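Visitor: Got a predicted structure plus its sequence, pasted below:
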Amino acid sequence: MRKGIPISPGFAIGPAYHFVAGPTRAEPRQVTEATAAGEVTQFNEARSAAAQDLNALITQVAKQVGEEEADIFRAHRALVDDPALGEKVRAAIRSHRVDARTALQEVLDEYAASLARTSDERLKERLADVRDVVSRLQAQLAPAAARPGPGEEKPVVVVASELLPSQVAEFNPSKVLGIVTEFGGPTGHAAILARALGIPAVFGVRGILREVRPGDLIALDGREGLVHVNPGPEVRAAEERLGKEFSGLRDTLAGGAPQEAVTADGVALELLANASGPADAALAARLGAGGVGLYRTEYFFLAHPTVPDEEEQLAAYKAVIEAAPNRRVTIRTIDLGEDKYLPLLGIPPEGNPALGWRGIRLGLSHPELLQTQLRAVLRAGTLGKVSVLFPMVTSQDEVQQLKSLLSQARQALGERGVSHAAEMPLGAMVEVPAAALCIDDLLAEVDFVSVGTNDLIQYLVAADRNSPRMASLCEPFSPALYRLLCQVVKACNDRGKPVTLCGEMAGRPACFLPLVGMGLRSLSMSPVFLPAIRALARHATMKQAQEVLDRVLRLKTAQEIRTYLDETVAAIWPSAALLDTRAERKQEKQSTS
């Protein structure tokens, strides 16, 4: 048995298929000054062909998986057209007298060498995106070396050193039963796509390619991060049973008309969806969400070739509102920064971007950018039940500045005679400990609060949530987290201000009971988690939830809380254990071959 990083839940058993990540490195061809121009022409033609391929892939992924996943390849499309990349390749062809394919490899090697010197795991994982684009261009230059894929004869478990995002996007889940890689982490784009496609996956199993031969039987547990090579009858039977249970449960939850979100003793809950575009909003409607509790507008900005103007933003917001359940959408203003940058703003990279110029800090320093967005949001407010939400708030005076900008945007629209929402609920995200500790001050200025636990956890425990090494610390089981959340929820309820939790924690079955027990009644999550959380709610009572919270608040360590919640949820609804990756155990179980 081998142990790695659990990436995508589920179980798979099938023959191993060795997957080659890209075109093999070819022998360099020397070119003359006269023929170098032809290599440059071939490179330019390869860029055009690769751009067309990516346009088709963007359309395919947006339709089959979602807009957020399609944004991965919009970024690849931008890199294909990046003038700096083009100039580096052309310079290598002319100065080193090498063919275009070799020049691309030199540029990739240079980029890889620079990233090898950084300790930032997030940046290292993004190297796969650059490698993906270079591999696509090289395949255009040498069609015979095009990247192979799993055969169509029978379903397989893909075993690879590392997978490129576009390769995962092209996998057919009926043919690729599971994925095992030697490298990669939970925040990489290949991991995101594996989860979106529902393909069980385990990454970070070092040396697995040496150990596994093509055709060996692989039994894969994507929930625990376990890989069995040529398992015995007992292990195989157990994995097959779990796989059937998982598939049956997933199909049952996804099928049929969505039921009301209500506990076993009749307490109504509000389950909302996080969205990055109209496809996510439409999926939320199909799965019975009450609305879009968090619309991440930055993905529209990142996918746009320029900074979108007011009319372009209005069109984007209109599409989301029209697709959303009950036309209810909370629009978060752009939350750029950390791992999301907009080069057109000329923002230089920061040494520690998670603690830097991001969220409303960026908006307040670029008021013209924020004003344009606020005007578009106010205009979109006439199309449905729309609220505006500000990210990365730390203090009351920031909210006052934001309210002033919103008032100026409303005045500007009035002067132009443009229809807009006369009133619009205004909210602040609580994702910085300072905001949580001063929640009463914020509540005096806002109409509602959204708790962003993804960032709140990393700031609370001082651990980068994008670093695989910090995965165990950034899981939602810290005693400090529950104590702080209780303060925030109680303050909101005491003041009669709506509060929603919209981080990934909202979709974790293990976290559901203590959250409801502390008085939280509104959860916003990725649409795919809605059926599971709705089903879990119908198995639990408020009395159970409050008892669980009381126990959690008495526990002293994250490990104690994690174990207790796993056991408790499994006792209330045994199926819940199948639906969650147990990434918190990565540090304990990952092998070090």
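Guide: Here it is on my side, so go on.
Visitor: per-domain residue ranges of this structure.
Guide: What automatic domain parsing lists as the domains of the chain is 2-21+148-254, 33-145, 270-589.
Visitor: May I see the ones you listed arranged in a markdown table, with distance to residue 260, mean pLDDT and mean neighbour count as well?
Guide: C-beta: built from backbone N, CA, C; applies to glycine. Formatted as a markdown table, those follow (distance: least, Cβ to Cβ, whole Å; pLDDT from 0 to 100; neighbours: other Cβ atoms under 10 Å):
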| stretch | distance to residue 260 | mean pLDDT | mean neighbour count |
| --- | --- | --- | --- |
| domain 2-21+148-254 | 15 | 86 | 20 |
| domain 33-145 | 25 | 81 | 18 |
| domain 270-589 | 8 | 88 | 19 |
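Visitor: Residue 261 is nearest to which of those domains?
Guide: domain 270-589 (4.5 Å; Cβ to Cβ).
Visitor: returning to what we had before: wait, which of the domains of the chain is closest to residue 27?
Guide: With Cβ to Cβ, the closest approach to residue 27 among the domains of the chain belongs to domain 33-145: 8.4 Å.
Visitor: As CSV, the domains of the chain with distance to residue 27 would be great.
Guide: Listed next are the domains of the chain as CSV, based on distance: least, Cβ to Cβ, whole Å:
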stretch, distance to residue 27
domain 2-21+148-254, 18
domain 33-145, 8
domain 270-589, 35
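Visitor: Check the chain for its longest helix and report it.
Guide: helix 33-64 (DSSP state H).
Visitor: which stretch of helix or strand covers the spatially closest residue to residue 364 that is not a sequence neighbour?
Guide: Residue nearest to residue 364 in three dimensions, not counting chain neighbours: residue 401, with 6.0 Å by Cβ to Cβ, 6 or more residues apart in numbering. Using DSSP states H and E, residue 401 sits within helix 396-416.
Visitor: cool, and residue 266?
Guide: Using DSSP H and E, residue 266 is not contained in any helix or strand.
Visitor: phi, psi of it?
Guide: Dihedral pair for residue 266: phi 90, psi 10, per degrees, to the nearest 10.
Visitor: That one: neighbour count?
Guide: Here the count is done by other Cβ atoms under 10 Å, and residue 266 has 8 residues near it.
Visitor: Distance of it relative to residue 258?
Guide: Using Cβ to Cβ, to the nearest Å, we find residue 266 at a distance of 18 Å from residue 258.
Visitor: Repeat that for residue 156.
Guide: Per Cβ to Cβ, residue 156 is found 34 Å from residue 258.
Visitor: what's the answer for residue 209, then?
Guide: 43 Å.
Visitor: Now do the same contact list for residue 28.
Guide: Going by Cβ atoms under 8 Å, 6 or more residues apart in numbering, residue 28 touches 98-99, 102.
Visitor: doesn't it fall inside a strand?
Guide: No - counting by DSSP: H, G, I helix; E, B strand; the rest coil, residue 28 is located in no strand; its state is coil.
Visitor: how about the nearest residue to residue 269, chain neighbours excluded?
Guide: Residue 269 sits nearest to residue 261 (Cβ to Cβ, 6+ apart), 4.4 Å away.
Visitor: Name the helix or strand for residue 227, please.
Guide: Using DSSP H and E, the element containing residue 227 is strand 226-229.
Visitor: Which residues does that strand contact?
Guide: Strand 226-229 is contacted from outside by 1-4, 16, 180, 202, 205, 208, 211-212, 216-221, 235-236, 239, 589, using Cβ under 8 Å, 6+ apart.
Visitor: which residues touch residue 529?
Guide: Residue 529 sits next to 506-507 when contact means Cβ under 8 Å, 6+ apart.
Visitor: same thing with residue 460?
Guide: When contacts are counted by Cβ under 8 Å, 6+ apart, residue 460 is found next to 433, 478, 480-481, 484.
Visitor: that older thread, of the contacts of strand 226-229, which belong to helices?
Guide: Per DSSP H, these map to helices at 208, 211, 235-236, 239, 589.
Visitor: and of the residues you listed, the nearest to residue 380?
Guide: residue 589 (46.5 Å).
Visitor: Using PDB, list the CA coordinates for stretch 416-428.
Guide: Extracted C-alpha coordinates of stretch 416-428, given in PDB (Å, rounded to 0.1, in the frame of the first residue of the first chain):
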ATOM      1  CA  ARG A 416     -26.600  60.300 -16.100                       C
ATOM      2  CA  GLY A 417     -30.200  59.300 -15.800                       C
ATOM      3  CA  VAL A 418     -29.300  55.600 -15.800                       C
ATOM      4  CA  SER A 419     -31.700  53.100 -14.100                       C
ATOM      5  CA  HIS A 420     -30.200  51.500 -11.000                       C
ATOM      6  CA  ALA A 421     -31.100  50.100  -7.600                       C
ATOM      7  CA  ALA A 422     -32.100  52.900  -5.300                       C
ATOM      8  CA  GLU A 423     -31.200  50.700  -2.300                       C
ATOM      9  CA  MET A 424     -28.900  47.700  -2.100                       C
ATOM     10  CA  PRO A 425     -27.900  45.600   0.900                       C
ATOM     11  CA  LEU A 426     -24.200  46.100   1.600                       C
ATOM     12  CA  GLY A 427     -22.100  43.400   3.300                       C
ATOM     13  CA  ALA A 428     -18.600  42.800   4.600                       C
END
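Visitor: Could you list every helix and strand that the helix or strand where residue 369 lies packs against?
Guide: Element membership for residue 369 (DSSP H and E) is helix 367-380. Other elements packing on helix 367-380 under the criterion 3 or more Cβ pairs under 8 Å, 6 or more residues apart in numbering; DSSP states H and E are helix 310-323, helix 360-365, strand 385-390, helix 396-416.
Visitor: how about these in CSV, adding distance to residue 539?
Guide: Conversion of those to CSV gives the following (distance: least, Cβ to Cβ, whole Å):
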stretch, distance to residue 539
helix 310-323, 31
helix 360-365, 39
strand 385-390, 30
helix 396-416, 39
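Visitor: Out of those, which gets nearest to residue 173?
Guide: Closest of those to residue 173 is helix 310-323, at 24.5 Å (criterion: Cβ to Cβ).
Visitor: helices or strands next to the longest strand along the chain in the packing?
Guide: If you go by DSSP state E, the chain has its longest strand at strand 11-18. In terms of contacts (3+ Cβ pairs under 8 Å, 6+ apart), strand 11-18 is packed against strand 156-160, strand 176-181, strand 217-221, helix 233-254.
Visitor: ok now do the residue nearest the centre of the chain, which residues does it touch?
Guide: Against the mean C-alpha coordinate of the chain, by Cα atoms, centre = their mean, the closest residue is residue 192 at 6.0 Å. Neighbouring residues of residue 192 by Cβ under 8 Å, 6+ apart: 69, 72.
Visitor: Could you list which residues are in contact with the closest residue to residue 550 other than its chain neighbours?
Guide: Distances taken as Cβ to Cβ, 6+ apart place residue 517 nearest to residue 550, at 7.6 Å, with adjacent residues excluded. Taking Cβ under 8 Å, 6+ apart, we find residue 517 in contact with 542, 545-550.
Visitor: Just the residues you listed: which are in helices?
Guide: Checking those against DSSP H, those in helices are 542, 545-550.
Visitor: possible to save those as JSON lines with distance to residue 490?
Guide: Shown next, in JSON lines, are the ones in helices among the contacts of residue 517 (distance: Cβ to Cβ, whole Å):
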{"residue": "542", "distance to residue 490": "16"}
{"residue": "545", "distance to residue 490": "15"}
{"residue": "546", "distance to residue 490": "13"}
{"residue": "547", "distance to residue 490": "18"}
{"residue": "548", "distance to residue 490": "17"}
{"residue": "549", "distance to residue 490": "12"}
{"residue": "550", "distance to residue 490": "14"}
